[in-house]
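Engineer: This is the structure alone, sequence omitted:
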């Protein structure tokens, strides 16, 4: 971020996050657990372009919202992780999803996770953040997996569509 | 909005809101009660450019997030109002401000309102939304004014700085 345009915390958050593609990348790291460049590129629902993805990952890394390291299980691959600052975006992304449920026309199968997050409220968001700290920062695993719950609901909605 | 890139509610919200200037304009309508073009332009902490302001107001109106009508008290002026959909962004803006408080370096005087909103939580957000429906949509006035509380805290912080 260059010199910020004002010291307002809303403005500073918006300047730090950058444009909407940055939040889309964070969403895919967070809810899709897509940790490699190729997954983020080829599984993108919005068809993110390769150069935009590379640019946003670099910006997010510079802003301290994403970290990168060599993947121990794939010698030539880099694995991307969320940081404490981006894990703390869970409540914000839950509110963004909740607003979208109420004021836009989302597809059914892409709505089920947003609905669970909205209904679960701050208690579920905190549990999900504990799990993200496990997946991205190497902290201890929680007893119950919110991630598994979200994924199961999404996969059930996809299966339902294909019936 | 053109054809959306996906039916994900997070993506649809981000596509509807557009870039950060749109949320800055909504913030100034919401927390500053700046309802005329000139106020939004000249009082902007971020120094928004006139052409960007005009463009974002038009986009927000097209997206149903801002309405415009002739101001009954100033014959040649247009007054801008929030809509039910943009008033429903209060929780999202509160989360954006809260994240900024924790992860950026906001100025003290521009932080006091974000702090009150964060501490107040969903109960205060609902009360503020009732008041915004009064100020922008002509609904009955609430008994207590959250807006006055936020403004008083901001003005006290400004006075404190000037001591």
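Structural biologist: Noted; the coordinates are in hand. Just so it is clear, the structure is predicted and the values come from calculations on it, not from any experiment.

Engineer: all contacts plus neighbour counts: C-alpha atoms, from now on.
Structural biologist: Fine.

Engineer: what about residue A:116, distance to chain B?
Structural biologist: Here residue A:116 is placed at a distance of 13 Å from chain B (CA to the nearest CA, to the nearest Å).

Engineer: Now residue A:144, what are its backbone angles?
Structural biologist: Main-chain dihedrals, residue A:144, degrees, to the nearest 10: phi -110, psi 140.

Engineer: Just say helix, strand or coil for residue A:113.
Structural biologist: helix (DSSP: H, G, I helix; E, B strand; the rest coil).

Engineer: just checking, residue A:36 touches residue A:81?
Structural biologist: No - using CA atoms under 8 Å, residue A:36 is not in contact with residue A:81; the gap is 9.3 Å.

Engineer: what about these two, which has more around it?
Structural biologist: residue A:81 (26 against 16; other CA atoms under 10 Å in any protein chain shown).

Engineer: what residue ranges in chain A score low on pLDDT?
Structural biologist: For chain A, the stretches with pLDDT under 70 are A:1, A:163.

Engineer: ok, which stretches of it are strands?
Structural biologist: For chain A, applying DSSP state E gives strands covering A:66-70, A:78-82.

Engineer: Of those, which is nearest residue B:19?
Structural biologist: If you check each of the strands of chain A against residue B:19 by CA to CA, strand A:66-70 wins as the nearest, at 21.2 Å.

Engineer: Just give me the residue right at the centre of chain A.
Structural biologist: By CA atoms, centre = their mean, the mean C-alpha position of chain A lies nearest to residue A:27, the distance being 2.3 Å.

Engineer: mind listing what that one touches?
Structural biologist: residue A:93 (CA atoms under 8 Å, 6 or more residues apart in numbering or on different chains).

Engineer: what about it, distance to residue A:44?
Structural biologist: 11 Å (CA to CA, to the nearest Å).

Engineer: got it, and residue A:111?
Structural biologist: In this structure, residue A:111 and residue A:44 are 16 Å apart, going by CA to CA.

Engineer: Same drill for the two, tell me which one is more crowded.
Structural biologist: Set side by side, residue A:111 and residue A:44 show more neighbours around residue A:111, with 22 against 17, by other CA under 10 Å.

Engineer: Now do the contacts for the more buried one.
Structural biologist: So residue A:111 contacts A:101, B:8, B:9 (CA under 8 Å, 6+ apart).

Engineer: thinking again about what came up before, so of the strands of chain A, which one's packed in deepest?
Structural biologist: Mean neighbours per residue, mean count of other CA atoms under 10 Å in any protein chain shown, is largest over the strands of chain A for strand A:78-82, with a mean of 21.

Engineer: Hmm, residue A:147 is touching residue A:127, no?
Structural biologist: No - using CA under 8 Å, residue A:147 is not in contact with residue A:127; the gap is 9.6 Å.

Engineer: Spell out which residues of chain A are next to chain B.
Structural biologist: A:5-15, A:18-20, A:24, A:45-47, A:85, A:88-89, A:91-93, A:95-101, A:103-107, A:110-111, A:114 (CA under 8 Å from any CA of the partner chain).

Engineer: Select only the buried ones of the residues you listed in PyMOL?
Structural biologist: In PyMOL, a selection of the buried entries from the residues of chain A next to chain B looks like this (16 or more other CA atoms under 10 Å in any protein chain shown):
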select buried, chain A and resi 6+7+8+9+10+11+12+13+14+15+18+20+24+45+46+85+88+89+91+92+93+95+96+97+98+99+100+101+103+104+106+110+111+114
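
Engineer: How is chain A partitioned into domains?
Structural biologist: Using automatic domain parsing, the domains assigned to chain A come out as A:1-83, A:89-163.

Engineer: How far does the first one sit from its chain's centre?
Structural biologist: Read it as domain A:1-83. 9 Å (CA atoms, centre = their mean, to the nearest Å).

Engineer: same question, the shortest one
Structural biologist: When C-alpha coordinates are averaged (CA atoms, centre = their mean), domain A:89-163 and its chain have centres 10 Å apart.

Engineer: repeat for stretch A:72-89
Structural biologist: Counting by CA atoms, centre = their mean, stretch A:72-89 comes out at 12 Å from the chain centroid.

Engineer: gap between residue A:67 and chain B?
Structural biologist: Per CA to the nearest CA, residue A:67 is found 16 Å from chain B.

Engineer: do residue A:50 as well
Structural biologist: Residue A:50 is 16 Å from chain B, by CA to the nearest CA.

Engineer: Based on its surroundings, how many neighbours for the residue lying closest to that residue once chain neighbours are set aside?
Structural biologist: Closest residue to residue A:50 apart from its sequence neighbours, by CA to CA, 6 or more residues apart in numbering or on different chains: residue A:41 at 6.5 Å. Neighbour count of residue A:41, defined by other CA under 10 Å: 20.

Engineer: No further questions, thank you.
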